[in-house]
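Participant: attaching a predicted model along with its sequence, questions to come.
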Amino acid sequence: MTYFDFNSASEQTSFDPIPKGTLVRVRITIRPGGFDDASQGWTGGYATRNDNTGSVYLNCEFVVMEGEYGRRKMWSLIGLYSPKGPEWANMGRTFVKAILNSARGVHPGDNSPAAQNARRISGFADLDGIEFLGKVDWDKDKNGQDKSVIKSAITSEHRDYAALMGQASQPVSTAGAPTTHTQATGHAPIPGRPSWAQ
């Protein structure tokens, strides 16, 4: 008789929601939805369109990088367009701005040219893989159970920002460093922003 030995298997981990309000350094991964609209600047297949509602969004996975909840995953949407009006897209733009401020160590009140440049991306590829300090919130899943989500980013003026971000953040003084787009393509992004990034 064949035996399978499970003595060396890992112990179960808790799937309880991460406590609401917990601050965690996370890496964002965009799950491609294959929807492009070049007139909006949505290229590369990153955007997802809901055929039932007509809404367009980024389907994002957030992985906790370290600490007590290291390797835990959360999923949230970043709105790009809703046929109901501009509110959802505006919330999405606000979230992306906060993500960039957090990831690049930019104070929200800093409007210097370097800070403004740090809040620009050449496309969704620049968000894919970015690390920032997120604040855990709760939503209901399809079964009505609580689930952890990331809906807001914590920026450099927060008292715990430096300790939790460690060396992952790049202060705005290094804003001249090559972007993901520059590193990937070998040339700087073409000036001018698509409508969703205005």
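Facilitator: Nice, thanks for sending it over. Numbers count the residues shown, from 1 in each chain.
Participant: just checking, what packs against the longest helix seen in the chain?
Facilitator: In the chain, with assignment by DSSP state H, the single longest helix is helix 87-103. Using 3 or more CB pairs under 8 Å, 6 or more residues apart in numbering; DSSP states H and E, the elements in contact with helix 87-103 are strand 73-81, strand 131-140, strand 146-154. Quick note: C-beta positions are derived from backbone N, CA and C, even for glycine.
Participant: what's that helix in contact with?
Facilitator: By CB atoms under 8 Å, 6 or more residues apart in numbering, the surrounding residues in contact with helix 87-103 are 28, 55, 57-58, 78-82, 106-108, 118-119, 121, 127, 130-134, 151-156, 161, 165, 169-170, 196-197.
Participant: mark which of the residues you listed are buried, thanks.
Facilitator: Buried residues within these, counting neighbours by 16 or more other CB atoms under 10 Å: 28, 55, 57-58, 78-82, 106, 118-119, 121, 127, 130-134, 151-156, 161, 165, 169-170, 196-197.
Participant: the bottom helix or strand of this protein by mean pLDDT?
Facilitator: Ranked by mean pLDDT, DSSP states H and E, the weakest helix or strand in the chain is helix 180-185, scoring a mean of 39.
Participant: can you put the helices and strands packed on helix 87-103 in a markdown table and add mean pLDDT and distance to F35?
Facilitator: Listed next are the helices and strands packed on helix 87-103 as a markdown table, based on pLDDT from 0 to 100; distance: least, CB to CB, whole Å:
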| stretch | mean pLDDT | distance to F35 |
| --- | --- | --- |
| strand 73-81 | 95 | 9 |
| strand 131-140 | 95 | 23 |
| strand 146-154 | 93 | 22 |
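Participant: per-residue pLDDT, the residue nearest the centre of the chain?
Facilitator: By CA atoms, centre = their mean, the chain has its centre lying nearest to I28, at 4.3 Å. Looking at I28, its pLDDT stands at 97.
Participant: where does pLDDT dip in this protein?
Facilitator: 1-2, 10-15, 167-198 (pLDDT under 70).
Participant: which one of the helices and strands packed on helix 87-103 lies nearest to P17?
Facilitator: Within these, the stretch nearest P17 is strand 146-154; the backing value is 4.5 Å (CB to CB).
Participant: which strands border that closest one, and is each parallel or antiparallel?
Facilitator: Strand pairing for strand 146-154, determined by DSSP bridges: strand 131-140 (antiparallel).
Participant: and the partner strand, how far from the chain's centre?
Facilitator: 10 Å (CA atoms, centre = their mean, to the nearest Å).
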